[in-house]
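[1] the sequence and its predicted three-dimensional model are supplied below.
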Amino acid sequence: MPRQYPPEFRQQSVRMLETALESDAELSEFEAIRQIAAKRKIAEETLRRWRRKAQIDTGQRRGVSSDEHAEIRRLKKRVAELERTNDLLKSASAFFAAELDRPTTK
């Protein structure tokens, strides 16, 4: 299971990366990520993804922000719940319709 890092740690790591990139114009993004990831003892790819996500959240890069992603997940759960409810109601209406069609014996 992937290791969970606290949000403060993530934000601090991304700020360190941004500061390193701004302070040294000759430093490539790849090299800055390698240096900061080594200092923070995290995987390079992890830091790269955190930076991309931060850029999306601030509007610097195109993509689905964290808030939008959470809203999409919430709506998908709601749709699934409504579909289950709808299927249940369809089954119940078919059952009661069949009951009404049966001849009664008196």
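    Yep, it's here.

[2] which helix or strand contains residue 21?
    In this structure, residue 21 sits in helix 7-23 according to DSSP states H and E.

[3] in that helix, what counts as buried?
    10, 13-14, 16-17, 20-21 (16 or more other CB atoms under 10 Å). Yep, even glycine has a C-beta here, placed from its N, CA and C like the rest.

[4] could you dump the helix or strand following it to CSV, C-alpha only?
    As assigned by DSSP H and E, the chain's next helix or strand after helix 7-23 is helix 29-40. C-alpha atoms of helix 29-40 as CSV (Å, rounded to 0.1, in the frame of the first residue of the first chain):
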residue,chain,number,x,y,z
GLU,A,29,13.0,20.6,-13.7
PHE,A,30,14.3,17.0,-13.8
GLU,A,31,17.4,17.8,-11.8
ALA,A,32,15.6,20.0,-9.3
ILE,A,33,13.1,17.2,-8.7
ARG,A,34,16.0,14.7,-8.2
GLN,A,35,17.7,17.0,-5.7
ILE,A,36,14.6,17.8,-3.6
ALA,A,37,13.3,14.2,-3.7
ALA,A,38,16.6,13.0,-2.4
LYS,A,39,16.7,15.6,0.4
ARG,A,40,13.1,14.8,1.4
